[in-house]
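Novice: Attaching a predicted model along with its sequence, questions to come.
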Amino acid sequence: MTSTALPELLRPRALGPGDLVVIAALSGPLPAAYESHVEQTVVVLERMGFRVRRAPLLRTGHHHWWSAATPAEIAAELNGLLRDPEVRAIVANDGGQTVLGYLDLIDVEAIRADPKPILGYSDISLLHLVLYAQTGLVGFHADMATPGFGGHWQAAPVTRRTELEQLYSRLLTSTEAIGALPASPSWECWRAGRAEGRLLGGVINRIALSQATPFALPLEAFDGAVLFWEEMGGLASYVWSYLHVLRHRGILDRISGMVVGVPREIAGLEGPDPSPSLAEIVLDVLGDRDIPVLGNVEVGHAGANLPMPVGIRVALDAQQRTLALLEPAVTRAAGPNSG
């Protein structure tokens with residue numbers, strides 16, 4: 001169980017040329033149709049200058065129910081990667097519905113001893129939140145193999161793919177702050193204003209679920225934070241309900257800003273003129289809280305992802321439609337280091 005004390009920020013060690021990155025099945029299985037996504041991910045990561053290996057559980061057709069393996073098996077493999085000094089980063093293959101089953105089996109002492117970047121979104125965002133709560137680890141809410149590096153990236157224009165590849169490489173290898181993330185015309189100002197704070201978030205249903213576990217972030221962690229979230233599937237009313245969970249929990253009274261990802265496959269939000277729109281849902285729940293909101297940002301399920309390093313200080317200007325990373329996500333010397 002996490003204490004109520006705020007975690008000291010724990011940055012992973014920066015990667016260097018030739019470092020080993022492992023693609024692992026941290027949640028869902030690998031259907032045969034997505035084998036090519038894993039193969040393309042290897043190409044992308046090798047082009048960044050890394051060595052790449054697949055973890056043993058990541059094999060076509062291997063599964064337990066809706067998962068790549070049992071929660072205990074996945075946790076054992078993850079713990080082995082966390083303890084292996086040769087492994088310098090872990091990239092999730094896909095999301096799914098399994099992380100809740102092994103939150104209590106993760107070797108958090110191995111993370112404190114040798115923090116490593118863990119990349120992924122969807123179900124993996126729960127992992128980022130819980131490990132940040134327990135250890136202060138900077139989690140990389142970012143693309144993974146399926147369908148990210150191996151699917152969405154391949155469908156993106158060459159210029160965007162090149163831009164993202166350079167961005168991810170800098171984020172993993174450089175101890176200089178990234179600064180402004182590359183914006184796109186989809187970004188919308190839903191409520192004007194500026195904010196600076198630690199970046200916290202993930203899939204909104206996982207943010208809500210994490211608060212129901214013993215590993216929840218203490219409310220103090222949200223003081224002044226910039227909350228980012230996205231969602232896939234379900235109904236527009238579910239999103240409204242999850243936002244109310246955050247309101248009842250007191251989170252919306254503590255944050256300084258909000259970044260909302262492009263929604264995907266949410267009934268009631270599809271079509272040219274949804275009613276209510278996602279912006280209307282967000283502003284309805286926020287009420288008179290003076291919180292800047294930047295909407296339709298590429299984080300999550302809707303396409304090639306901008307990386308959101310959990311725990312890093314960011315600057316948000318909703319009216320100018322800018323979001324900047326003010327700190328590096330990695331460090332030259334592994335170990336606890338505050339912002």
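Specialist: Nice, thanks for sending it over. Numbering: from 1, shown residues only.

Novice: how is this protein carved up into domains?
Specialist: Domain ranges of the chain: 10-175, 179-325, per automatic domain parsing.

Novice: Reformat the ones you listed as CSV; add distance to Thr331, mean pLDDT and mean neighbour count.
Specialist: C-beta: built from backbone N, CA, C; applies to glycine. Compiled in CSV, the domains of the chain are given as follows (distance: least, CB to CB, whole Å; pLDDT from 0 to 100; neighbours: other CB atoms under 10 Å):
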stretch, distance to Thr331, mean pLDDT, mean neighbour count
domain 10-175, 4, 97, 20
domain 179-325, 12, 96, 19
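
Novice: residue closest to the middle of this protein?
Specialist: Residue closest to the average C-alpha location in the chain (CA atoms, centre = their mean): His141, at 1.7 Å.

Novice: does that one have beta-bridge partners, and which?
Specialist: Beta-bridge partners for His141, by DSSP bridges, are Gly120, Met308.

Novice: thought Pro31 was touching Arg59?
Specialist: No - taking contacts as CB atoms under 8 Å, Pro31 lies outside contact range of Arg59: 11.3 Å.

Novice: So the residue nearest to the centre of the chain is in contact with Ile312, correct?
Specialist: No - contact criterion CB under 8 Å: His141 and Ile312 do not qualify, at 10.7 Å.

Novice: How about the contacts made by Lys116?
Specialist: If a contact means CB atoms under 8 Å, 6 or more residues apart in numbering, then Lys116 has Pro12, Arg13, Leu81, Leu82, Val87, Arg88, Ala89, Ile90 as its contacts.

Novice: ok, 10 Å please
Specialist: Applying CB atoms under 10 Å, 6 or more residues apart in numbering to Lys116 gives the contacts 12-13, 15, 21-22, 81-82, 84-85, 87-90, 110, 137, 330, 334.

Novice: returning to that earlier point: list the contacts of the residue nearest to the centre of the chain.
Specialist: By CB under 10 Å, 6+ apart, the contact set of His141 is 118-122, 124-125, 127-129, 199-203, 228-230, 261, 299-300, 305-310.

Novice: Show me the common contact partners of His141 and Ile312, please.
Specialist: Leu199, Leu200.

Novice: any idea how far the residue of the chain most remote from its centre lies from Asn296?
Specialist: Residue distances from the centre of the chain (CA atoms, centre = their mean) peak at Asp273, which lies 29.0 Å from the mean C-alpha position. Going from Asp273 to Asn296 by CB to CB, to the nearest Å gives 16 Å.

Novice: Sheet partners, orientation included, of the longest strand belonging to the chain?
Specialist: The single longest strand within the chain, with elements called by DSSP state E, is strand 194-203. Note on strand 194-203: by DSSP bridges, its sheet partners are strand 226-230 (parallel), strand 313-317 (antiparallel).

Novice: right, so of those strands, which gets closest to Glu176?
Specialist: Set against Glu176 and scored by CB to CB, the strands paired with strand 194-203 come closest in strand 313-317, at 14.1 Å.

Novice: Not counting its own residues, what contacts the helix or strand that comes right after the closest one?
Specialist: Downstream of strand 313-317, the first helix or strand assigned by DSSP states H and E is strand 322-325. Outside strand 322-325, the residues that touch it by CB under 10 Å, 6+ apart are 167, 171, 177-183, 187, 194, 196, 199, 226, 228, 257, 259, 294, 297, 299, 306-309, 312-317.
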